[in-house]
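Asker: Here is the input, now give the coordinates:
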Amino acid sequence: MMTFEVRHKLTYGLDYKGNVCGDKHAHPGLHQLELKYWLNPNQVYQSGVTDSQFKLSNARSICLLDCPTPLEDSLSWVCDYPEGDMHLSMDDWIDRNYDYYEILTSEMKNASLQLQGPCYPVIFPSVNVYWSCQYIARASNASLRHWKQMGGVDIKEDIIVDKSIHSFINSRSSVLKRYMADIGKAWPVLIVCGGLLPLFLSVVWLLMIRYFVAAMPWITVAFFNILIITVTVFYYLKAGWIGNDAISPIIGDHDPYIHVFGRELNHLRAASILMTFIMVLSILTSIAIVRRILMGTSVLKVAAKVIGEVQALIIFPVIPYSILAIFYMVWISAALHLFSSGQVVQNNCNTNCCAYDLLSEKVNCDHCCGYSVRYTPHIAVSIFFHLFGCYWATKFFIACSSTVIAGSVASYYWTRGETSSEVPVLPVFDSMKRLIRYSLGSVALGSLIVSFVESIRFILESFRRKLKVAETTPDSWFGKMVYHTSQGCLRCVEWTIKSVNRNAYIMIAITGKSFCRSSAIATELIMNNILRLVRVNVIGDVILFLGKLFVSLSSAVFGFLVLDTHKYSSGHNKLSSPLLPVLVCWTLGYVVATLFFAVVEMSIDTLILSFCQDSEEHEGTAQFAPLLLMETLNEQNDMQRLT
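Answerer: Down below sits the predicted model:
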């Protein structure tokens, strides 16, 4: 799915030559040497001192197969890659535990005792933390004693040695790269749990709506609550608040007394708290709407009747689903390439950190700093544009699907589908042809407006949170009023545009007019029939929304179960956290469910707006409405049902 360089640059570090650890095409070849180890403990200490300009990325690092361990009876070493007069192969170097100190010349040994290489003593024990050897801040007394007896320079012992590496591993940029690498490792899970599973569940849900419409609202509400409780419990398990299955940043076997915490665990705990609030709110909401479900059932019956007559509607969402699946594969691949882009350049540390060069056979102070990946400003802009493009494209494909469904249902309504043979043989394909020929630009404009407004609101919300953190919110009552009013207005505008857009797509399908004209017609119809729409449509929308959450939560639960297997919880493919892959499965599941549930949702909205349009054109009495729709939307029956 992606190249070696893309996936590994996000996960593993760079060595003192600028190679990506694990790259078999590097010089020398680093196949399976995936752990980054810092050779000079004094450089690690220096990078953690508050007033020092020396960064850990400047320290000399090397790629190893496993983290070295100090010996009790002698001093162990980790030496540079063998080159020059060191006539050792990489395999021999690994077999010797990276140690060829005994065959060095006296000059090289003296340089090594000055911590200038090519060999460096193993003084501190270390453990594999996200493919970096985390120093444990307790130096081996036996190794220190051997080191001093050999005449080595003073080595700093302090908690700073531990904290410096830990801070580097848990920096925001490192965590973000690991999250993106998790997506690259878990792509089979995303395909199965984020693509195929919600496809299957959505089709099953539509078929059950078709044949068991009276029971489906109750089944949906019950399963939704069970699933949201299950997802919350999984978060608590992985956060370590239930049982002993918390995620660990340490990879492989280690001393059980060593505890290392990562930023990912804090993110999971925050997600657990958020899910708790969502779970409580969802359960209370479900209890509140129990009495109203019967009203929603009557609306769903109408949609089920239409789906039964125009059966191609059940299969149609497979077309936009396939297009979106291909788009997401390409998009995720491009996103991983963007996040792993940048040039590998040598740092300019302006510090005396000389190291022995095996090729020139002398101590070199010109090229002693480490390497890092430098990003240019246009990459950040590209990432933002890439994210916006994904959101717009998703909205566009969903809008196209909704317009095709609305056109099919409108054909059923306006040709008296129950009693007339004038309904097109293939109404779905006729609606697709009308969309492509006449309405594609209007749909693109509508989806762009929604995407743009939501992006602006997201940016303003980010600024608001930063101001809140910085405690620079307005102090005066007027400033606070303006501050909160603006946020409320933005939310209202966003909700209004979303609502108008959806109804505008319906009027585009019914009338064939432009987006702006269709929006005006839809708004006028809604305002003239607001009570009827609210009474009939709200509960149906709530049940459909719970159905989407039911499908997406099922994807999240199965994603959790798959990611909890041995393949993804240990070893080479271990994920730093299941959080982002599960959220991606949840999001993809919701998008897929939206495509399929739009069949019911747009059927209801199209029938209601068609009924309102029909009533407007025939002086308050709809002439084309099917009998079941007339019974459902009759105001007198509605009032009796409400009372």
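Asker: Only C-alpha atoms from now on, for both contacts and neighbour counts.
Answerer: Noted.
Asker: the domain parsing of the chain - what is it?
Answerer: Domain assignment for the chain by the TED database gives 4-170, 175-342+349-636.
Asker: is it possible to export those to TSV including mean neighbour count?
Answerer: As requested, those are arranged in TSV below (neighbours: other Cα atoms under 10 Å):
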stretch	mean neighbour count
domain 4-170	19
domain 175-342+349-636	18
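Asker: Which of those domains comes out lowest on mean pLDDT?
Answerer: Note on these: domain 175-342+349-636 shows the lowest mean pLDDT, a mean of 80.
Asker: what about that domain, distance to the chain center?
Answerer: When C-alpha coordinates are averaged (Cα atoms, centre = their mean, to the nearest Å), domain 175-342+349-636 and its chain have centres 12 Å apart.
Asker: what's the answer for stretch 45-62, then?
Answerer: Centre-to-centre, stretch 45-62 and its host chain are 32 Å apart (Cα atoms, centre = their mean).
Asker: Can I get that stretch in CSV? Just the C-alpha atoms.
Answerer: Only the C-alpha atoms of stretch 45-62 are listed here, as CSV (Å, rounded to 0.1, in the frame of the first residue of the first chain):
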residue,chain,number,x,y,z
TYR,A,45,22.5,14.8,29.6
GLN,A,46,23.6,18.1,27.8
SER,A,47,20.4,18.1,25.7
GLY,A,48,18.3,18.0,28.9
VAL,A,49,20.0,20.9,30.7
THR,A,50,17.7,23.9,30.7
ASP,A,51,20.2,26.5,29.6
SER,A,52,21.8,24.3,26.9
GLN,A,53,21.3,25.0,23.2
PHE,A,54,22.2,21.4,22.4
LYS,A,55,19.2,19.4,21.3
LEU,A,56,18.8,15.6,21.5
SER,A,57,18.5,15.5,17.7
ASN,A,58,22.1,16.7,17.6
ALA,A,59,23.3,13.8,19.7
ARG,A,60,25.0,10.8,18.0
SER,A,61,22.5,8.0,17.5
ILE,A,62,22.8,4.6,15.8
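Asker: wouldn't G151 be in contact with L113 here?
Answerer: Yes. Contact status for G151 versus L113: in contact at 6.9 Å, counting by Cα atoms under 8 Å.
Asker: so what secondary structure elements neighbour the helix or strand hosting C516?
Answerer: Following DSSP states H and E, the helix or strand that holds C516 is helix 515-528. With contacts taken as 3 or more Cα pairs under 8 Å, 6 or more residues apart in numbering; DSSP states H and E, helix 515-528 sits against helix 440-469, helix 477-511, helix 579-617.
Asker: quick one: the last one to helix 515-528, angle?
Answerer: Think helix 579-617. Put simply, helix 579-617 runs at 70 degrees to helix 515-528, going by axes from the mean of the first three to the mean of the last three Cα atoms, to 10 degrees.
Asker: With the shortest one instead?
Answerer: Here helix 440-469 points in a direction 70 degrees away from that of helix 515-528 (the same axes, to 10 degrees).
Asker: C-terminal to the helix or strand hosting I160, what's the next element?
Answerer: In the assignment (DSSP H and E), I160 maps to helix 159-169. Using DSSP H and E, the helix or strand that follows helix 159-169 towards the C-terminus is helix 172-185.
Asker: Okay, A380 and T232: tell me how far apart.
Answerer: For A380, the distance to T232 equals 34 Å [Cα to Cα, to the nearest Å].
Asker: ignore the last one, S401
Answerer: If you go by Cα to Cα, the gap between S401 and T232 works out to 32 Å.
Asker: mind listing the strands for the stretch 301-450 of the chain?
Answerer: All strands of the stretch 301-450 of the chain, identified by DSSP state E, counting those that start in this stretch, fall at 343-346, 355-357, 362-364, 371-374.
Asker: Could I get the ones you listed in TSV, plus columns for distance to S57?
Answerer: What follows is the strands of the stretch 301-450 of the chain, written out as TSV (distance: least, Cα to Cα, whole Å):
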stretch	distance to S57
strand 343-346	10
strand 355-357	15
strand 362-364	18
strand 371-374	7
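Asker: ranges for the helices of the stretch 51-200 of the chain?
Answerer: 90-95, 106-113, 141-149, 159-169, 172-185, 187-191, 197-211 (DSSP state H, counting those that start in this stretch).
Asker: So what touches the fourth one?
Answerer: Applying Cα atoms under 8 Å, 6 or more residues apart in numbering, the external contacts of helix 159-169 come out as 41, 44-45, 47-49, 56, 130, 132, 134-137, 174-175.
Asker: Which other helices and strands does the helix or strand where L284 lies contact?
Answerer: Element membership of L284, judged by DSSP H and E, is helix 263-288. Using 3+ Cα pairs under 8 Å, 6+ apart, the elements in contact with helix 263-288 are helix 216-239.
Asker: neighbouring contacts of the helix it packs on?
Answerer: 208-209, 242-247, 265-266, 268-269, 271-272, 275-276, 279, 282-283, 286, 293, 297, 543, 546-547, 549-550, 553-554, 556-557, 560.
Asker: now swap in stretch 393-406 and tell me
Answerer: Under the criterion Cα under 8 Å, 6+ apart, residues 313, 317, 320, 324, 428, 431-432, 435, 440, 443-444, 447-448, 451, 502, 505-506, 508-510, 594-595, 598-599, 602-603, 606 lie in contact with stretch 393-406.
Asker: Can I get it in CSV, CA atoms only?
Answerer: Listed next in CSV are the C-alpha coordinates belonging to stretch 393-406 (Å, rounded to 0.1, in the frame of the first residue of the first chain):
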residue,chain,number,x,y,z
ALA,A,393,-15.0,15.5,-1.6
THR,A,394,-16.9,13.5,1.0
LYS,A,395,-19.6,16.1,1.2
PHE,A,396,-19.8,16.2,-2.6
PHE,A,397,-20.2,12.4,-3.1
ILE,A,398,-22.8,12.3,-0.4
ALA,A,399,-24.6,15.2,-1.9
CYS,A,400,-24.6,13.5,-5.4
SER,A,401,-26.0,10.3,-3.8
SER,A,402,-28.7,12.3,-2.0
THR,A,403,-29.7,14.1,-5.2
VAL,A,404,-30.0,10.9,-7.2
ILE,A,405,-32.1,9.3,-4.4
ALA,A,406,-34.3,12.4,-4.2
